[in-house]
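*Asks:* here is my input; please provide its structure:
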Amino acid sequence: MKAILLAGGSGSRLYPLTQVSSKQLQAVYDKPMVYYPLTVLIASGIKDICVITTPSDLHRYQKLLGNGSQWGVSIVYREQPKPEGIAQAFLIAADFVGTDGVILMLGDNIFSGGDDFRRAVGGFMEGAVIFAYHVKDPERYGVVEFDKDGKAISIEEKPSKPKSNYAVPGVYIYDNSVLEIAKKIKPSPRGELEITDINQEYLKHNRLQVWRLSRGFAWLDAGTSSALHEASAYIGTIERRQGVKIGCPEEAALVRGFLSIVQFEALVESMPRCEYSEYLRGVANEWHRLQALP
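*Replies:* I've put the predicted structure just below:
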């Protein structure tokens, strides 16, 4: 299984912040936004990741993320010269995906709590898996309609009259046939290749599973200035109260076994002294304490 992390787009909703830096590089509390979806991918066991971004932002992502080896993963890059819809990611990264299944994750979506993604990835065999999250403003998203037995029967993109309150968050799991499906879909009236059209194709052939996210799960879309502020406040509150960090790729890599404790501690020592590195030192100390238990 490979992953595409989509961090392109024009960032118009976050203007003027995006005049100098990509939306997904903006700070969400104490980390760049892109760290949050990246951490979810690492925690789910994904080691091969393709970051898609704009030509002007490419060097910034390369400087921030490198080739991923510091976290025990491989990160490659592709350019998105012009944003033409989420489904365009499969056309841009088709050579990267090759013959594998793929997860597509949007770089401005923040997830916290539960192990839904890890279990979904671990149990994935074929077809497609998308997720459903209860929201109060479903007209802003792709919306899933369920029958009385809880089976998904329709998906609509930003409907004016939503048929449910279940929105589709920005993470999608597909088998390799998604590449051929993406080639055949046509631009919507918005002029974009819609991810909903891909999901509808899987649904039409009874090959789509919709996984309802639990109530303890949090999904934050940080694509607007107000949402960015709210996400930062939420992350800060949880981290201060629980004493654990959300969106920490180093910790996820250690827990997943992508890094040994020796590699992890060497990585921490290469960082400047700050709250972030002090937290990671605490993670290492806790790891040693647990290893010493009888």
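
*Asks:* ranges for the strands of the stretch 51-200 of the chain?
*Replies:* 74-79, 102-106, 109-112, 128-134, 142-146, 152-157, 166-167, 171-174 (DSSP state E, counting those that start in this stretch).

*Asks:* of the ones you listed, which approaches I92 most closely?
*Replies:* strand 74-79 (5.0 Å; C-beta to C-beta). (Glycine included, C-beta is placed from N, CA and C.)

*Asks:* list the buried residues of that closest one.
*Replies:* Neighbour counts using 16 or more other C-beta atoms under 10 Å place I75, Y77, R78 of strand 74-79 among the buried residues.

*Asks:* please apply the same query to stretch 154-172.
*Replies:* 155-157, 159, 162, 164, 166-172.

*Asks:* out of those residues, flag the one nearest to Y141.
*Replies:* Nearest to Y141 among those, with distances taken as C-beta to C-beta, is A167, at 3.6 Å.

*Asks:* and of the buried residues of stretch 154-172, the nearest to P249?
*Replies:* Once C-beta to C-beta is applied, the member of those that ends up nearest P249 is V171, at 16.3 Å.

*Asks:* how about the contacts made by the nearest residue to the closest one once chain neighbours are set aside?
*Replies:* Among residues not flanking V171 along the chain, M105 sits closest, at 4.7 Å (C-beta to C-beta, 6 or more residues apart in numbering). Residues in contact with M105, defined by C-beta atoms under 8 Å, 6 or more residues apart in numbering, are A3, I4, L5, L6, P37, V40, L41, G170, V171, Y172.

*Asks:* which strands or helices does the helix or strand of the chain with the lowest mean pLDDT pack on?
*Replies:* Across the helices and strands of the chain, mean pLDDT, DSSP states H and E gives its lowest value to strand 218-221, namely a mean of 86. Applying 3 or more C-beta pairs under 8 Å, 6 or more residues apart in numbering; DSSP states H and E, we find strand 218-221 packed against strand 109-112, helix 225-242.

*Asks:* what's the first helix or strand after the last one?
*Replies:* Read in the C-terminal direction, the helix or strand following helix 225-242 is helix 249-256, with elements assigned using DSSP states H and E.

*Asks:* domain assignment for this structure?
*Replies:* When the chain is parsed with automatic domain parsing, its domains come out as 2-125+171-183+216-259, 261-294.

*Asks:* for the last one, which positions count as buried?
*Replies:* Applying a neighbour-count criterion of 16+ other C-beta under 10 Å, the buried positions in domain 261-294 are Q263, F264, E265, L267, V268, S277, Y279, L280, V283, A284, W287.

*Asks:* from those, pick the one nearest Y29.
*Replies:* Nearest member of these to Y29, counting by C-beta to C-beta, is Y279, at 12.5 Å.

*Asks:* I'd say that closest one and K245 touch.
*Replies:* Yes - the criterion here is C-beta atoms under 8 Å, and Y279 meets it with K245 at 5.7 Å.

*Asks:* show me which of the buried residues of strand 74-79 is closest to Y133.
*Replies:* For those, the nearest to Y133 is I75 (27.1 Å; C-beta to C-beta).

*Asks:* so that closest one makes contact with T53?
*Replies:* No - if you go by C-beta under 8 Å, I75 and T53 don't touch, sitting 11.5 Å apart.

*Asks:* residues near D30, how many?
*Replies:* By other C-beta atoms under 10 Å, 18 other residues sit near D30.

*Asks:* before we move on, what about L6?
*Replies:* The number of residues near L6, taken as other C-beta under 10 Å, comes to 27.

*Asks:* show me what it is bridged to.
*Replies:* I52, L106 (DSSP bridges).

*Asks:* per-residue confidence at it?
*Replies:* For L6, the pLDDT comes out at 96.

*Asks:* same thing with G11?
*Replies:* pLDDT at G11 comes out at 66.

*Asks:* do E84 as well
*Replies:* Confidence at E84, expressed as pLDDT, is 91.

*Asks:* the protein: helices as residue ranges?
*Replies:* 35-43, 58-65, 88-92, 94-97, 116-123, 178-184, 195-204, 225-242, 249-256, 261-269, 275-291 (DSSP state H).

*Asks:* of all those, which lies closest to L17?
*Replies:* That would be helix 225-242 among the helices of the chain, by C-beta to C-beta, at 7.4 Å.

*Asks:* can you list the buried residues in the closest one?
*Replies:* Quick answer for helix 225-242 (16+ other C-beta under 10 Å): A227, L228, A231, S232, Y234, I235, I238, E239.
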